[in-house]
Each structure stands twice: as C-alpha cells, then as structure tokens.
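# Return atomic coordinates for the entry below.
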Amino acid sequence: MTASRHCPDKAALSASAGELTPYMVENLRSVCRDAWRQGLLSGCNGNASLRLPAPHGGTVCLTRSGAAKGRLTAEDCCLVSLADGATLHGGPASTESGMHLAVYRALPDCAAILHTHPRRLLALSLRLGGTMEDFLNLPLFEAGVWRARLGFAPALPPGTPELAQAVADAARTSPAVWMAGHGLCSTGANLAEALCLTEELEHLAAIQLLSMP
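Residues are numbered from 1 along each chain as shown. Predicted structure coming up:
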C-alpha cells in the first residue's frame, strides 16, 4: 500500500460544512477496505473519521453505527459537529463518535482517526494477561521506534465518556493508543498515516507472538 492512495486533496474534501463529498466517501472506503483485508477490522467493528479542513474544521466525517467497514458506501458515512456531536448529515454516527470528537478537541492538528480491532494485537494482549510492560517490548530497533508511539488507556466500556476522555488524554503524547480489552486508536495527518501506524504495531505483535514458546 502506498500512502499517496489515501492522502487528501483538501480542495476535494468539502464544498460546505454540511456536504458529504465523493472524496470523503472514497477515502474512508479505501482505508477501511485495506484495514479489513488485513484483519484489522472485521464485520461492523471499528470506525474511522476525518476532520474537514478550514474553513470547516468544526465538522467531522465519520463512519455510521453498524456499517460493515469492508463494504462502505456513501450511506455509511455521516457528518457531525465537533462542538456538540450533533448529526449534520446521515447517521446515526458510530457509537464511538464521542472518542473521535474528544481526540480531535485534544489535538487541533489531528486530521484523521482510525479505530481498529487488530487480531494479533488483541491475541498478544490476551497471551500476556493484560500486562503492558512486555507488550511489543522486543529487542528490535523497529520495536523501540514504534512502541515509543504507543500510549495506553485502561479497560473501560466502549462508547462511554470515560473511555473517550482516557483515549484523548493518552493521545496528547502518543499517536496510537491501546485500549485495554478493546482495540487500537491511531491518529494522523490523514487516514493513510493512521493506517500505517496501525500496520506497524500489528506487525510487531505478529513477531512477538511467533517468538513466544
């Protein structure tokens, strides 16, 4: 996968704050499809979003609740207000919309969020019994590079304000946040960047699982 496939053309994002454009749909569709093909998303789990560029930075394009991420259509995307979470177009928004909005509020420069349920990272967390000290802690140069970008949020019920705030707090210093017993939230300047970070961490999980007795 090349990052250019998913990098945004800002002029194509939105003509108005309440208009869903073909670019938004295709960007969400292609990234979620790539994530689905790699087992980072399955069925209806996970979600993705884009913050619209100026002058519409107060609007977020988000996958709707119950959407199959490997088969997204325009009807599976909606627009919500960053200020209060009100739906501006389509919907209903993902049940994790509060987490996306909390992260965007905490990170003014963040333009994209990808929340996945990576099977190898989840399997590794179970093998380690929830102990984060050894999570992706490998004697490899790349492990140190990518693990340094990973923060942690405690096990909290999905869709709750408590989880949203915990992830937003961790995201202030870490572009990827592991939610205990749940999944991964990756941020970036675009969805390609968020997906790349997710792929790198999932790759390390695969190596750690293979090296375990």
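# what is the mean pLDDT for stretch 44-58?
Taken as a whole, stretch 44-58 has an average pLDDT of 90.
# and the gap between residue 78 and residue 67?
Distance from residue 78 to residue 67, counting by Cβ to Cβ, to the nearest Å: 9 Å. No exception for glycine: its C-beta is placed from N, CA and C like everyone else's.
# Residue 34 against residue 195, yeah?
Yes - with contacts counted by Cβ atoms under 8 Å, residue 34 reaches residue 195, the gap being 6.3 Å.
# between these two, who's got more neighbours?
The neighbour count for residue 34 versus residue 195, taken as other Cβ atoms under 10 Å, is higher for residue 195 (26 against 20).
# What values do phi and psi take at the more buried one?
Reported as degrees, to the nearest 10, the phi and psi values for residue 195 are phi -70, psi -40.
# what do you get for residue 197?
Dihedral pair for residue 197: phi -60, psi -40, per degrees, to the nearest 10.
# Give me the spatial nearest neighbour of residue 89, chain neighbours excluded.
Nearest non-adjacent residue to residue 89, counting by Cβ to Cβ, 6 or more residues apart in numbering: residue 79, 4.0 Å away.
# State the number of residues packed around the one you found.
Residues lying near residue 79 (other Cβ under 10 Å) number 24.
# let's have the chain start at 619 instead
In the new count, where the first residue is 619, that last one comes out as residue 697.
# Spell out the secondary structure type for it.
What DSSP: H, G, I helix; E, B strand; the rest coil gives for residue 697 is strand.
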